[in-house]
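Trainee: need a 3D model of the following:
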Amino acid sequence: MLRRRHRALLSASCLLVLLTPLWGNASSACSTRRCLSKMLIDKAILTQPQDENCTQTIYVPFIEYQTLSVDTKKLRFSSRLMATMNWVDPELAWNSSEYNFEMVTLPVNKVWTPELHITNAISTSLKHGSQDLLVYSDGTLTHKVILNALVDCEVNMFRYPFARDNCPVAIQAWENEGCGMKLSMGSIYMVDGNHGDWRTNSVALLQVELSIRYLNPFISLILPSVLVLILDVVSFALPLGGGERNCFKVTLALSFIMFLIILNDLLPGDSQCSPIIRTHFCVCLVFLVLSMVETMLLTRVARDGLLLSCSCWKKKSPKDKDDEEILVDEGKA
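Mentor: Numbers count the residues shown, from 1 in each chain. I've put the predicted structure just below:
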């Protein structure tokens, strides 16, 4: 009986000695990051991780925002957002004591990645900031995406060129009937606030404050209109005879019509409030036309002495009578 027990213990010891190297090789099968990455890729996890409540929380610690351009005529602006996202996928976690690595990189097309979109955008395009993403041993993934969006914004243009307004940028993730993703937003940073005639003053969470840099419109539109009106007042110093004053006032009126055409091409025609500068130009044009009509009437009065004249009412001068008598005498001869 003792011999049998001794033989059984001896056999178990031998078997343990034989299997120990195999276990050691199995535990150290992945000694490089690439090997660990391949092991995670082979899992082929391309579906969204879901908690017990059928949702996945996506953390967005910060977003870099940049306004690329602003279309004043169509009241829309294009923007660029670079968002850093963190989420947890437990099936991509590993034991760091067994695999002595805290993080590895995986291709973005081999694992599931969340998609963001802007709900109030006319068009949105999303692309990955890199072809790889970072995976930590606890299953946390970190990735960057770039969003380019064309957003429609009904800016109040009443005080143009001193207009200022806020435009929403609604960033959301997919969610339907309690399943999907939930965003946990962090901070947002603005990059490059000047864009032509517009300036991005500040960016809060999902709100962009835009204002016009009034210096350019003031120099190109308001200041010339004031100078034209001053020239119209000073033009009364020109003599009525010869038509110099009339030609000058017609030139001023045509220049103002040109300003109105430029303004109509620049400003929207269907905004919620019509820009007050458009009314300003229309009133100035009316004053210029009235001034031109007044000058034409004064020229008529200065030349003929009457505002309205007719050839049948006009009295013949002595010189005209003498000329008619000479013509009659020549006809008789």
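
Trainee: count of neighbours near the closest residue to residue 110 other than its chain neighbours?
Mentor: Leaving out its chain neighbours, the residue that sits closest to residue 110 by Cβ to Cβ, 6 or more residues apart in numbering is residue 41, at 4.8 Å. For glycine as for every other residue, the C-beta is placed from the backbone atoms N, C-alpha and C. Residue neighbour count, defined by other Cβ atoms under 10 Å, stands at 14 for residue 41.

Trainee: list the residues that contact residue 41.
Mentor: For residue 41, the contacting residues are 106, 107, 110, 111, by Cβ atoms under 8 Å, 6 or more residues apart in numbering.

Trainee: per-residue pLDDT, the second one?
Mentor: Predicted confidence (pLDDT) for residue 107: 92.

Trainee: residue 197 versus that one, what's the distance?
Mentor: 43 Å (Cβ to Cβ, to the nearest Å).

Trainee: out of the two, which sits in the busier spot?
Mentor: residue 197 (16 against 12).

Trainee: circling back to that earlier point, just the buried members of the contacts of residue 41?
Mentor: For the contacts of residue 41, a burial check counting by 16 or more other Cβ atoms under 10 Å picks out 106, 110, 111.

Trainee: wait, what's in contact with the last one?
Mentor: Meaning residue 111. With Cβ under 8 Å, 6+ apart, residue 111 has these contacts: 40, 41, 45, 46, 89, 92, 133, 135, 141.

Trainee: quick one: the fourth one is in a helix?
Mentor: By that I understand residue 46. No: applying DSSP: H, G, I helix; E, B strand; the rest coil, one finds residue 46 to be coil, outside a helix.

Trainee: can you flag which of the buried ones among the contacts of residue 41 belong to strands?
Mentor: residue 106 (DSSP state E).

Trainee: what sits opposite the closest residue to residue 198 other than its chain neighbours in the beta ladder?
Mentor: Nearest residue to residue 198, sequence neighbours excluded (Cβ to Cβ, 6+ apart): residue 70, at 4.1 Å. According to DSSP bridges, the partner residues bridging residue 70 are residue 77.

Trainee: the closest residue to residue 102 other than its chain neighbours: neighbouring residues, count only.
Mentor: Nearest residue to residue 102 in three dimensions, chain neighbours excluded: residue 137, at 5.4 Å (Cβ to Cβ, 6+ apart). Neighbourhood size, residue 137 [other Cβ under 10 Å]: 19.

Trainee: ok, residue 137 to residue 90 distance?
Mentor: Distance from residue 137 to residue 90, by Cβ to Cβ: 12 Å.
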